[in-house]
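1. Generate coordinates for the sequence data below:
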Amino acid sequence: MILKILVTNIGERIIAGVSEVKDSETNKNLCLLIKCPYILHVNPKEDNPTEYCVNFSKWNPFSADNKFHIPYGYVVTLGEVEEDLLKVYLEKFGEELYGDEKNVESQVDIIEE
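-> Modelled structure (predicted):
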């Protein structure tokens, strides 16, 4: 699972772990699997409107699930996550994404090197 920024066909910017789901018989790609998805909101800072802060909100807040299958047609583009944003995301949601603290720490260490 790779962390990516997804832009959806309705304009959402989502940060999530992303992988492809394949048919086991035909090896054909079926859809994307996203894990621990959060919508990114960019807001101007109150004390300095030329600077911005990023807030996270749960992509599907009424579901207890943290993994979702989404069709390829829902996604306009996938992009790499900017390093500072990646650090913040892993600090906040890394345990939810990876399940154990040791794995989260190793991911943060890789980013900082």
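2. Secondary structure class of the residue nearest the centre of the chain, three-state.
-> Nearest to the mean C-alpha position of the chain, counting by C-alpha atoms, centre = their mean, stands Ala16 at 1.6 Å. With DSSP: H, G, I helix; E, B strand; the rest coil as the basis, Ala16 sits in strand.
3. Pretty sure it sits against Leu40.
-> No. With contacts defined as C-beta atoms under 8 Å, Ala16 does not count as touching Leu40, sitting 10.4 Å away. In this view, the C-beta of every residue, glycine as well, is placed from N, C-alpha and C.
4. helices or strands next to the longest helix that the chain contains in the packing?
-> Counting residues, the longest helix found in the chain (DSSP state H) is helix 83-98. On a contact count with 3 or more C-beta pairs under 8 Å, 6 or more residues apart in numbering; DSSP states H and E, helix 83-98 meets strand 2-8, strand 13-22, strand 29-44, strand 52-58, helix 101-112.
5. Flag the shaky bits of this protein, pLDDT-wise.
-> Applying pLDDT under 70 to the chain picks out residues 100-113.
6. Next up, the contacts around Glu96.
-> When contacts are counted by C-beta atoms under 8 Å, 6 or more residues apart in numbering, Glu96 is found next to Cys36, Asn66.
7. That one and Leu6, how far apart?
-> 17 Å (C-beta to C-beta, to the nearest Å).
8. for the nearest residue to Ile14 once chain neighbours are set aside, which residues make a bridge with it?
-> In space, Ile14 comes closest to Leu6 once its chain neighbours are excluded; the distance is 4.5 Å by C-beta to C-beta, 6 or more residues apart in numbering. The partner list for Leu6 in beta bridges (DSSP bridges) reads Ile14, Leu78.
9. Cheers, nothing more for now.
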